[in-house]
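Chemist: Show me how the following folds:
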Amino acid sequence: MDRLRQRADFVAVANGARVNNPAFVLQSRRRDDLGPVRIGFTVTKKNGNAPERNRIRRRLRELVKRLDPVSMQPHHDYVLVGRRDALSRDFATMLDDLRIAFTKPARHTAKARGHRPSPAAATSRKPD
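Modeler: Numbers count the residues shown, from 1 in each chain. Below is the predicted model:
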């Protein structure tokens, strides 16, 4: 298993499928190459100051270390987006949530399914 490190990879995964949980959001995207499973971690600034965000990120990394890699689909990229509840949620519960998130059928975002407003609807007309 490798780590995602480049912004372009994170953005590509953000347009893929997602599974929401109280402590994190799991985003996933199938790749066309035959490389290993890659995973990235991110925590936004709205989740607290730097030590809190780092603690959330450390907890997420430890979850993935304890997870059986067989539960992840091959040739996929994953991003775990940490939420504030990851600080106070029981670790065993979070581990169960992550196992379930990998087995759940993912909910696709509108971006991933190609539902975008038409360019004509996006332009505004000036009143006559």
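Chemist: check which helix or strand covers the spatially most central residue of the chain.
Modeler: Centroid check for the chain by CA atoms, centre = their mean gives Gln27 as the closest residue, at 2.9 Å. Assessed by DSSP states H and E, Gln27 sits inside strand 24-30.
Chemist: Tell me which helix or strand comes right after that strand.
Modeler: Next in sequence after strand 24-30, counting helices and strands by DSSP H and E, comes strand 38-42.
Chemist: Report the angle between the helix or strand that that next one is followed by and strand 24-30.
Modeler: Later in the chain than strand 38-42, the nearest helix or strand by DSSP H and E is helix 50-66. Angle, helix 50-66 to strand 24-30, by axes from the mean of the first three to the mean of the last three CA atoms, to 10 degrees: 50 degrees.
Chemist: so how far is the next helix or strand after helix 50-66 off the chain centroid?
Modeler: Downstream of helix 50-66, the next assigned helix or strand under DSSP H and E is strand 76-82. Counting by CA atoms, centre = their mean, to the nearest Å, strand 76-82 is centred 3 Å from the centre of its parent chain.
Chemist: what comes into contact with whichever helix or strand comes after strand 76-82?
Modeler: On the C-terminal side of strand 76-82, the nearest following helix or strand under DSSP H and E is helix 91-103. For helix 91-103, the external contacting residues (CB atoms under 8 Å, 6 or more residues apart in numbering) are 19, 21-24, 26, 59, 62-64, 66-67, 71-73, 86. In this view, the C-beta of every residue, glycine as well, is placed from N, C-alpha and C.
Chemist: one more time with 7 Å
Modeler: Val19, Asn21, Ala23, Leu26, Leu63, Arg66, Leu67, Ser71, Met72, Ala86 (CB atoms under 7 Å, 6 or more residues apart in numbering).
Chemist: Now do the fifth one against Arg7, distance only.
Modeler: Summarising the geometry, the distance separating Leu63 from Arg7, computed by CB to CB, to the nearest Å, is 23 Å.
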